[in-house]
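S.K.: need coordinates for the below:
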Amino acid sequence: MNGFHRFKRGSLPALPIYFQNQNRIIGLMFLLNIALRVFTLMEFVVRQALQLAQESLPGLYDGNPKRKTNRPSAEQMLKVFCNLTLYFLPDSTVFVTPLNHQGCFILKRKKVI
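M.R.: As a prediction, this is how the structure comes out:
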């Protein structure tokens, strides 16, 4: 697995660990390992779907919204969903803010929608 660099300096930092209880350290590393597998799976599924459809994903780069990529990272894809808000109203209704264009594009490629 070539995603272990995320444990060092990426979005799943494992160091420094300030826990002194070994069970907590093992638990943290177990959760980080699961998160790494989820990130890797996300990237694989979306990249494979983009390759099969011969498409590229636009709008993932902050400085250049027109730039497209056919190999998006999990961090780039998750950043698209940061502005979603879930509201629980007093009358027991639930409301989610609408997805932007990139979010719909990603979910359609993952065959979620």
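S.K.: contacting residues for the residue most central in space within the chain?
M.R.: Centroid-nearest residue in the chain, with CA atoms, centre = their mean: L78, separated by 3.5 Å. By CB atoms under 8 Å, 6 or more residues apart in numbering, no residues touch L78. C-beta: built from backbone N, CA, C; applies to glycine.
S.K.: confirm it sits in a helix?
M.R.: Yes: assessed by DSSP: H, G, I helix; E, B strand; the rest coil, L78 belongs to a helix.
S.K.: how far away is it from R24?
M.R.: Between L78 and R24 the computed distance is 26 Å (CB to CB, to the nearest Å).
S.K.: state the phi and psi torsions of the closest residue in space to Q51 that isn't next to it in sequence.
M.R.: Leaving aside its sequence neighbours, Q51 sits nearest to N70 (CB to CB, 6 or more residues apart in numbering; 6.7 Å). When quoted as degrees, to the nearest 10, the phi and psi of N70 stand at phi -110, psi 0.
S.K.: now N70: how far from R24?
M.R.: For N70 relative to R24 (CB to CB), the value is 40 Å.
S.K.: other SSEs contacting the helix ranked longest in the chain?
M.R.: As far as residue count goes, and with DSSP state H defining each element, the longest helix of the chain is helix 22-53. When contacts are defined as 3 or more CB pairs under 8 Å, 6 or more residues apart in numbering; DSSP states H and E, helix 22-53 sits against helix 5-9, helix 74-80, helix 101-109.
S.K.: and the shortest one, average pLDDT?
M.R.: This means helix 5-9. Across helix 5-9, pLDDT averages out at 70.
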